[in-house]
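Trainee: My questions concern the predicted model and sequence given below.
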Protein chains: 2
Amino acid sequence: MARFDVLGIGNAIVDVVARVEDRFLSRHDMRKGGMALIDAAAAEALYAAMPAGIESSGGSAANTCAVAAGLGARVAYLGKVADDQLGGVFRHDIEAAGVAFPSDPLAGGAPTARCLILVTPDGQRTMNTYLGACTAFSAADVDPVLVTEAELLYLEGYLFDPPAAQEAFRRAAAAAHAAGRRVALSLSDAFCVDRHRAAFRELVTRDIDILFANETEITALYETDRFEDAAEQARAEVALAALTRGADGSLVLRGAESVAIPAAPATVVDTTGAGDAYAAGFLAGLAAGRALAACGRLGSAAAAAAIAGMGARPAVDLRALAAAAG
Amino acid sequence: MARFDVLGIGNAIVDVVARVEDRFLSRHDMRKGGMALIDAAAAEALYAAMPAGIESSGGSAANTCAVAAGLGARVAYLGKVADDQLGGVFRHDIEAAGVAFPSDPLAGGAPTARCLILVTPDGQRTMNTYLGACTAFSAADVDPVLVTEAELLYLEGYLFDPPAAQEAFRRAAAAAHAAGRRVALSLSDAFCVDRHRAAFRELVTRDIDILFANETEITALYETDRFEDAAEQARAEVALAALTRGADGSLVLRGAESVAIPAAPATVVDTTGAGDAYAAGFLAGLAAGRALAACGRLGSAAAAAAIAGMGARPAVDLRALAAAAG
C-alpha cells in the first residue's frame, strides 16, 4: 500500500480576505472572479487600500490537501514558504489539518506569498497574488521518492506561473508515472489557462490522468464557448475529468460514462476555495474506493461547506460531513 | 472642539481563532470564557496543539476603537506592536478601520503579541495571550498632548498585566483629567480583576468617570455574588457605568438614573469581542451626543454584529448598523 493517497504540489500562500463593494474592484481595475499576479510594490499598495481583513492559510492545492485530509485521506504537500511569521502560520495550519509538509522554508529570500482576496456582496472572490517565496520552488524541492509513495500526484495549474515550478511539475509527473501512479491537475483559473494555454494543452494530453476544471477554465482551455464541446474534448484527452459548474453541480466523465452530480445546497458567504474543496472531496472519495457519483457528491458537500464561511477552508467537522454525504 | 472623540490605549494583539471541542479546554487546563497570560514557550506549545485557525487583529481597546470609528466616531489608538509581519497586519487593520495609530513599532524585541482563542461549539471563547511586544509599552509611549486632544480616554483593564503599562495608564489618566477630559475603563476580564483588584478599586474610585464591565467582572471587582449589589457600588463610585449581562442586555447607571437596555437579537457564532463592540457602540453614541438609552442600544447592536461572525470585529457595514439602531 502507498504511504499517501495524495501528494499535492502548489503555491504555498496565506490569504488576506476582506469584504469590499463592487466599485472597489472597478476602481482598482480588477477582473471580478479572477486571479491576478502582482509584484511586491503592487501588493503593498493594494493592501494599504484594502479594508481590514482576516488572514488564513490558502493556496489552491494546499486547500485541497487540507480538506482531503480532513475527510480521511492520507495526504502530503510540497510548497515553498519563507522562514517568517506567515510561513509559520501556513505550516501550522496545514500540519494541524493532518497533512505532512516536508518542504524546507526559504531563508533570506522573498517573504511568504500572500493572496489579497476581495469578497464582494454577491460572495464572489477576486484574488491578487504576490508569489513571494513561491517563486523559489524548483525541481530540487521535489523528492522523487516521496512522489512514488503517493497513489496520486495532485498539481495546481497556478504552478505554471512561477517559472521554476513548471520544471518541478514535469519532473514530479514523470516520477509518478514511472512508478505507475496517477497524476491529477486542476486548471485553477481561466486567466492562468490563457497565460499558458499551449503548455497546458500539451501537458493534459501527455501527462494528466485526472483533470479538474470549472466551466470557464475548461472552455478557455479548448477555446470554445460551449461547455458541452469542451467537455467532449476533455473526455477524449484524459481518463477522468471532473468539471464543476457552480450552482449547476458537476459533470464527471470517464470513457463513455457521464455522471451528472447536483450541487449541495449552500448559503453563499464567500466562494473562495469552492473548487479546491470540490477536488478534495472527489479525491478523498477516490482514495476510499468510492464510485464516481459518490466521489462527486462528496466534492459537492465539501464545496458547499467551503462556501458557507469566510476563507478557503471549511470550518466544519469534515468527517461528519463525509458521513452525511454518504 | 477636540481632535478626537476617543483615544484608546491597550494591548495591541493579533488574534488566532480556532474552533475546538470542550474537551480541548479541559485537556489543556483552561478556564472557559477567561483570558490566561502565557509565555512564549507555552504559546508555541499551545499553537502546535491547536487546529488550523484564522488570524485577525484584536486587542480589547483596539477592537473598541476600530468599531467606534466604523460607527462614525473620531478615534486614535496607542499600543505596542513589533516591527514584524503580524505588527504590519495589526497596523493595516486598525488604520483601515479609520483609527489614527501613531505608536512606533518595537524593533529588535519580542514579536507582536498574539492571543490564541479557542471557540467552543456554544460560541464561547477562551483566550490565551502571549503579550510579546506589549510588555514594552510604557509611559514614554503616551504623548500627553495627544491625550488632551481627545474628549475621552479609553483604557482596557488588561493594561494592568504588563507592568510598565500600569504607569502609562496612570500618567495618561492624569493628563486627561488635567485637561478636563473624561476617562473610561473597561474591566476586561474577571480573572484580570482578581489579579489586580486593589489597584483596580483604587483607580476606579479616584480616576474613572465611565466604567464598562460585564456581570462577572463587576461582581469580581466588588467581591459579591449579587449583580445588584455590585451595580449599586458602581453607581456610588463612578459618574457613569455601563454593565453588560450577555443575552439579558445591559444596565446603564448615572447618578440616580437607571436605564435597562435589551440585547439585540443575534445568532451566536463566536462571542469574541462582544464586550468590546458594546463599549464601541456606547462611546460612539456618547460622541454623537445621544441619550443614554440610545448609547446602550447602539452598544447592543454592535455587540450582536460582533457575535454573528468569527473574530472580534464585526464584518458588517457599521454605519448601516448605526442607522438601523436609531
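Mentor: Now that the structure is in, tell me what you want to look at.
Trainee: give me the number of residues near A:Ala320?
Mentor: Residue neighbour count, defined by other C-beta atoms under 10 Å in any protein chain shown, stands at 9 for A:Ala320. The way it works is simple: take the backbone N, C-alpha and C, and place the C-beta from them, glycine included.
Trainee: Wasn't it part of a helix?
Mentor: Yes. The assignment for A:Ala320 (DSSP: H, G, I helix; E, B strand; the rest coil) places it in a helix.
Trainee: okay, it: pLDDT?
Mentor: At A:Ala320, the pLDDT value in this model is 77.
Trainee: Then A:Val268?
Mentor: At A:Val268, pLDDT is 84.
Trainee: With A:Val193 instead?
Mentor: pLDDT, read off for A:Val193, is 95.
Trainee: Then the one 3 residues further on?
Mentor: According to the model's per-residue confidence, A:His196 sits at a pLDDT of 94.
Trainee: hang on, isn't it packed against A:Leu159?
Mentor: No. Assessed by C-beta atoms under 8 Å, A:His196 is found out of contact with A:Leu159, at 9.8 Å.
Trainee: all strands for the stretch 1-150 of chain A, in order.
Mentor: For the stretch 1-150 of chain A, the strands defined by DSSP state E, counting those that start in this stretch occupy A:4-9, A:13-19, A:35-37, A:54-57, A:75-78, A:113-119, A:125-130, A:150-156.
Trainee: just the stretch 151-300 of chain A next, same as before
Mentor: Along the stretch 151-300 of chain A, the stretches classed as strands by DSSP E, counting those that start in this stretch are A:182-186, A:210-214, A:240-244, A:250-254, A:257-261.
Trainee: circling back to that earlier point, compare A:His196 and A:Leu159 (neighbour count), which wins?
Mentor: Counted by other C-beta under 10 Å, A:His196 and A:Leu159 do not tie: A:Leu159 has more neighbours, with 26 against 20.
Trainee: quick revisit: among the strands of the stretch 1-150 of chain A, which is nearest chain B?
Mentor: Judged by C-beta to the nearest C-beta, the one of the strands of the stretch 1-150 of chain A that comes nearest to chain B is strand A:54-57, at 3.9 Å.
Trainee: rewinding a little: can you tell which of the strands of the stretch 151-300 of chain A is closest to chain B?
Mentor: When these are compared for distance to chain B using C-beta to the nearest C-beta, the nearest one is strand A:182-186, at 20.7 Å.
Trainee: what angle do that closest one and strand A:210-214 make?
Mentor: Counting by axes from the mean of the first three to the mean of the last three C-alpha atoms, to 10 degrees, strand A:182-186 points 10 degrees away from the direction of strand A:210-214.
Trainee: Direction included, what does strand A:182-186 pair against?
Mentor: The sheet places strand A:182-186 alongside strand A:150-156 (parallel), strand A:210-214 (parallel), with pairing taken from DSSP bridges.
Trainee: okay if I get those strands as TSV plus mean neighbour count and mean pLDDT?
Mentor: Supplementary listing: these in TSV, determined by neighbours: other C-beta atoms under 10 Å in any protein chain shown; pLDDT from 0 to 100:
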stretch	mean neighbour count	mean pLDDT
strand A:150-156	26	97
strand A:210-214	26	97
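Trainee: Quick check: which of those is nearest to A:Leu7?
Mentor: strand A:150-156 (3.6 Å; C-beta to C-beta).
Trainee: Just the C-alphas of the closest one, formatted as PDB.
Mentor: Coordinates of each C-alpha in strand A:150-156 appear next as PDB, following Å, rounded to 0.1, in the frame of the first residue of the first chain:
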ATOM      1  CA  ALA A 150       1.700   8.600  -3.100                       C
ATOM      2  CA  GLU A 151      -1.100   6.900  -5.100                       C
ATOM      3  CA  LEU A 152      -1.900  10.200  -6.800                       C
ATOM      4  CA  LEU A 153       0.000  13.300  -7.600                       C
ATOM      5  CA  TYR A 154      -2.200  16.400  -7.500                       C
ATOM      6  CA  LEU A 155      -0.900  19.600  -9.200                       C
ATOM      7  CA  GLU A 156      -2.400  23.000  -9.300                       C
END
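Trainee: Done for today, thanks.
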